[in-house]
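> Output the structure for:
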Amino acid sequence: MALLRTLLFAPGNHARKVEKSFTLGADGVILDLEDAVAIAEKEATRDKVVGALQPPRRCLGYVRVNAFDTPFCYGDLMAVVRPGLDGIVLPKVESASQLQTVDWLVTQLERERGMQPGSVDIIPIIETGRGMTALKAIVGCGSRVRRLSFGAGDYTLDMGMQWTLEERELDHARANVVLASRAGGLEPPLDTVFIHIGQIDGLRQSTRLARNLGFQGKLC
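Numbering: from 1, shown residues only. Take a look at the predicted model:
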């Protein structure tokens, strides 16, 4: 199993950042249609993302679509599930049924568009209290879900927590994601981004802590 040590986000509507992101040595790049893209630009950004995913590339190419319960998720999936896509990053996953629905749609699109069946994997981001309580069901959602990821930004907001530099308030959530992954037979999960820009020692500490807890890599 080849570990994903780093998955690097790039805003899908910023062509220069997207192009550069594929040259920085990450194991994969996540082109973002969610937080980094304003509502007015979301539909136009889909075509830009599809173009950026075409080979040749130096690393894996993922797309973070908008959350399942938004007006944009379906359109995102219809646009980006095409040859050249390695996987979908699905934010704010809170139930197995959300993943099963996305899995079904991706399967139909693979078939219609001449793609290898099962070639697109799905990385759910667990970033709400509901998502945490549904972990047992989420990890059993089929072969496309090979690994989970943890999103501390929305999780701490949802839970009314303070995200500190030391990150000890995240220990319980991180441990739950690792435990559920192991119990469900998945790969080790991917840890949250580190938001404290310029705090290199803090980044090292966060990365070391995640590794010690059993994560395989980090979103960044």
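> Now do the SS call for the residue nearest the centre of the chain.
Taking Cα atoms, centre = their mean, the centroid of the chain lies closest to Val89, which sits 3.6 Å from it. Under DSSP: H, G, I helix; E, B strand; the rest coil, Val89 falls in the strand class.
> gap between the closest residue to it other than its chain neighbours and Gly185?
Distances taken as Cβ to Cβ, 6 or more residues apart in numbering put Arg64 closest to Val89, at 4.0 Å, once the chain neighbours are dropped. Backbone N, C-alpha and C define where each C-beta goes, glycine included. Between Arg64 and Gly185 the computed distance is 25 Å (Cβ to Cβ, to the nearest Å).
> More neighbours: which of those two?
Arg64 (27 against 9; other Cβ atoms under 10 Å).
> beta partners of the more buried one?
Asp32, Val89 (DSSP bridges).
> and it, what does it touch?
Phe9, Ile30, Leu31, Asp32, Leu33, Glu34, Ile88, Val89, Leu90, Pro91, Ile125 (Cβ atoms under 8 Å, 6 or more residues apart in numbering).
> Distance to Gly131 for those residues - can I get that in TSV?
Listed next are the contacts of Arg64 as TSV, based on distance: Cβ to Cβ, whole Å:
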residue	distance to Gly131
Phe9	19
Ile30	18
Leu31	23
Asp32	19
Leu33	19
Glu34	15
Ile88	16
Val89	14
Leu90	11
Pro91	10
Ile125	8
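> Can you select the buried ones from the residues you listed in PyMOL?
To isolate the buried subset of the contacts of Arg64 in PyMOL, counting by 16 or more other Cβ atoms under 10 Å, use the following:
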select buried, resi 9+30+31+32+33+34+88+89+90+91+125
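> now the contacts of Arg64 as CSV including pLDDT and distance to Leu135?
Below are the contacts of Arg64 laid out as CSV (pLDDT from 0 to 100; distance: Cβ to Cβ, whole Å):
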residue, pLDDT, distance to Leu135
Phe9, 98, 23
Ile30, 98, 21
Leu31, 98, 27
Asp32, 98, 24
Leu33, 98, 25
Glu34, 96, 21
Ile88, 99, 19
Val89, 99, 17
Leu90, 99, 15
Pro91, 99, 16
Ile125, 99, 12
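> Perfect, I'm done here.
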